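A.B. asks: Take this sequence and fold it.
(2 chains)
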Amino acid sequence: FCQEREALCTTPPTPMPSYSIMETPVLKKELSRFGVRTLPKQQMVLKLKEIFQYTHQRSDSRDAAAS
Amino acid sequence: MPKRRQEFPNPLFRRWLEEWRDQAAERGRFRLQRAYERALSSLHKYPLPLRSGREARILQYFGEHICRQLDEQLEKHRFTQEDLAAPTASWS
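C.D. replies: You can find the predicted model right below:
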């Protein structure tokens, strides 16, 4: 029972998109949604992961703190 | 998508860019005004806190000039904040 509860709290609600296998034009488009210019491919992947982790982690902790 | 609207991560950069945009408009420098306007439009979309003007170079419409200007302004800001002995990390 406790394990189940823990899993509910720690599992992220949205899985991270697989940025590493995305084509460059798709990565460009994704990043332009965040106002970021075209960068070398690897850097675009890292930036998208960073943005995803930051936005999701923050909204989770805020929801938890508010409830 | 997060349900709640998150706090804006770069309030200082936004404030300065808005100030410079307005100053450019007052002086009739429309191209410059538009440059700041465009920079603001990408800043509004960017969800992460920026630590320097240099770091902001990855954003669309942030050129050499704007980034250097932001770094200089940040330097001044840190200096005055130290004088007031106030926390310096208000942009992070």
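A.B. asks: Could you point out the longest helix of chain B?
C.D. replies: helix B:64-83 (DSSP state H).
A.B. asks: Can you report how many residues neighbour the residue in chain A positioned nearest to chain B?
C.D. replies: In chain A, the residue that lies nearest chain B is residue A:35 (3.1 Å; CB to the nearest CB). The way it works is simple: take the backbone N, C-alpha and C, and place the C-beta from them, glycine included. As a burial measure, residue A:35 scores 22 neighbours (other CB atoms under 10 Å in any protein chain shown).
A.B. asks: for residue B:15, same thing?
C.D. replies: For residue B:15, using other CB under 10 Å, the count is 12.
A.B. asks: Secondary structure element holding the closest residue in space to the residue of chain A closest to chain B that isn't next to it in sequence?
C.D. replies: Excluding the flanking residues, the one nearest residue A:35 by CB to CB, 6 or more residues apart in numbering or on different chains is residue B:42, at 3.1 Å. Using DSSP states H and E, residue B:42 sits in helix B:30-45.
A.B. asks: related to what we said a few turns ago, can I assume the residue of chain A closest to chain B is in contact with residue B:46?
C.D. replies: Yes: using CB atoms under 8 Å, residue A:35 is in contact with residue B:46, at 4.6 Å.
A.B. asks: which stretches of chain A form strands?
C.D. replies: Along chain A, no segments are classed as strands by DSSP state E.
A.B. asks: thinking again about what came up before, what about the longest helix of chain B and chain A, touching?
C.D. replies: No: Helix B:64-83 is not in contact with chain A by CB under 8 Å from any CB of the partner chain; minimum separation 12.1 Å.
A.B. asks: Could you pull out the buried residues of that helix?
C.D. replies: Neighbour-count burial for helix B:64-83, counted by 16 or more other CB atoms under 10 Å in any protein chain shown, picks out B:66-67, B:69-70, B:73-74.
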